[in-house]
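> What follows is a predicted protein model with its sequence.
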Amino acid sequence: MRLDTWRSRFRTAKAIARLCWARFLVAWIPFERWRYTLGSPEQSDRDFDFVGKAKGLAADIEWAARRLPFAVKCLPRAMALSWMLQQNGIGHVVVIAVRTAEARQLPDALHAWVEIQGHKVIGDLPGPWIETLRLGG
């Protein structure tokens, strides 16, 4: 088997492990116990393509989420990506938001995403959204 194939499978396995851990935390552990594991200060180095690297990691998360036998909503995806970005030394913000009062009849009244340098790298879902919490940055 080629080295690229092994690397791809390893990235998928890491993403699956993080998604499962995130889903467990959301379901069983109070938010106050794990919220501090999310987000990290953004770097001042604007020359490196942090957004491009982060989008690659986000693609790994999305790929892994589609292969799990259960649904993985936006918060566990954002959590898993946050942990991967931290491991790679990429600063980011995890945002948690709620729909406006008029739009709350739509499915998914709550939402989470990850931003780097003002760009959403995972969880880009049309709003309108009212940000309730920003972690990191």
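Noted; the coordinates are in hand. Keep in mind that what you see is a predicted model, and the values were worked out from it rather than measured.
> ranges for the helices of the protein?
Here the chain has its helices, by DSSP state H, at 3-28, 31-34, 50-67, 74-87.
> Which of those sits closest to Val94?
Val94 lies closest to helix 74-87 among the helices of the chain, at 5.2 Å (CB to CB). All C-beta atoms are positioned from the backbone trio N, CA, C, and that covers glycine.
> Return the residues in contact with the residue nearest to Trp63 when sequence neighbours are not counted.
Leaving out its chain neighbours, the residue that sits closest to Trp63 by CB to CB, 6 or more residues apart in numbering is Thr12, at 6.2 Å. Counting by CB atoms under 8 Å, 6 or more residues apart in numbering, Thr12 touches Asp60, Trp63, Ala64, Arg67.
> Could you measure from Glu131 over to Leu110?
For Glu131, the distance to Leu110 (CB to CB, to the nearest Å) stands at 12 Å.
> overlap in contacts of these two?
Here Glu131 and Leu110 have Ile96, Ala97 as joint contacts, going by CB under 8 Å, 6+ apart.
> hmm, back to that, and the helices of the chain, which one is worst for confidence?
For the helices of the chain, mean pLDDT drops lowest on helix 3-28, to a mean of 89.
> Other residues contacting stretch 130-137?
35, 38-42, 82, 91-100, 115.
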